[in-house]
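Chemist: 3D, please:
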Amino acid sequence: MYRLCSYWKEGGRSSYWISIPPRPAPIPPLPASIPPPPAPIPPPPAPIPPPPALIPPLPALIPPLPAPIPPRPASIQPPPALIPPPPAPIPLPPALIFLFHLDQLRFDFHQLRFHLYQLRFHLHQLRFNLRQL
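Modeler: Prediction:
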């Protein structure tokens, strides 16, 4: 059997014939005289467990939960607290509060002064870097 094959090349289409070998003959079915394959081998039976008397009881790994505490009847009052309540805070005199505010103001002033010095330093650095350009 032959078949025509074509392809494009410079100047137009070109064709050529190729020979195709014949198809192989189909495989004939197996004759009926061959016995069917044997049945699969059944799995071995499960091992027989030993009698229960030979197995010692396992120790309990997790202890059993204690019985829940029954709720207290409403008529019984709870026991008094063992720790006394903390004493009430002593109010500070106004003069001492004023001193705390002064101290905070002093700290804020020093922090502001530090930031102003830092700003001055960075401005000098910026001016120096701009001159280098």
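Chemist: which helix or strand lies directly C-terminal to the helix or strand containing residue 5?
Modeler: For residue 5, the host element (DSSP states H and E) is strand 2-9. Reading on from strand 2-9 to the C-terminus, the next helix or strand found by DSSP H and E is strand 12-19.
Chemist: which helices and strands sit right next to that next one?
Modeler: Under the contact criterion of 3 or more C-beta pairs under 8 Å, 6 or more residues apart in numbering; DSSP states H and E, strand 12-19 touches strand 2-9. Backbone N, C-alpha and C define where each C-beta goes, glycine included.
Chemist: just the CA atoms of the strand holding residue 5, as PDB, please.
Modeler: Extracted in PDB, the C-alpha atoms of strand 2-9 (Å, rounded to 0.1, in the frame of the first residue of the first chain):
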ATOM      1  CA  TYR A   2       1.300   3.500  -0.800                       C
ATOM      2  CA  ARG A   3       0.500   7.000   0.400                       C
ATOM      3  CA  LEU A   4       1.000  10.400  -1.100                       C
ATOM      4  CA  CYS A   5       2.900  12.900   1.100                       C
ATOM      5  CA  SER A   6       3.200  16.600   0.300                       C
ATOM      6  CA  TYR A   7       5.300  19.400   1.700                       C
ATOM      7  CA  TRP A   8       6.000  23.000   0.800                       C
ATOM      8  CA  LYS A   9       9.400  24.100  -0.400                       C
END
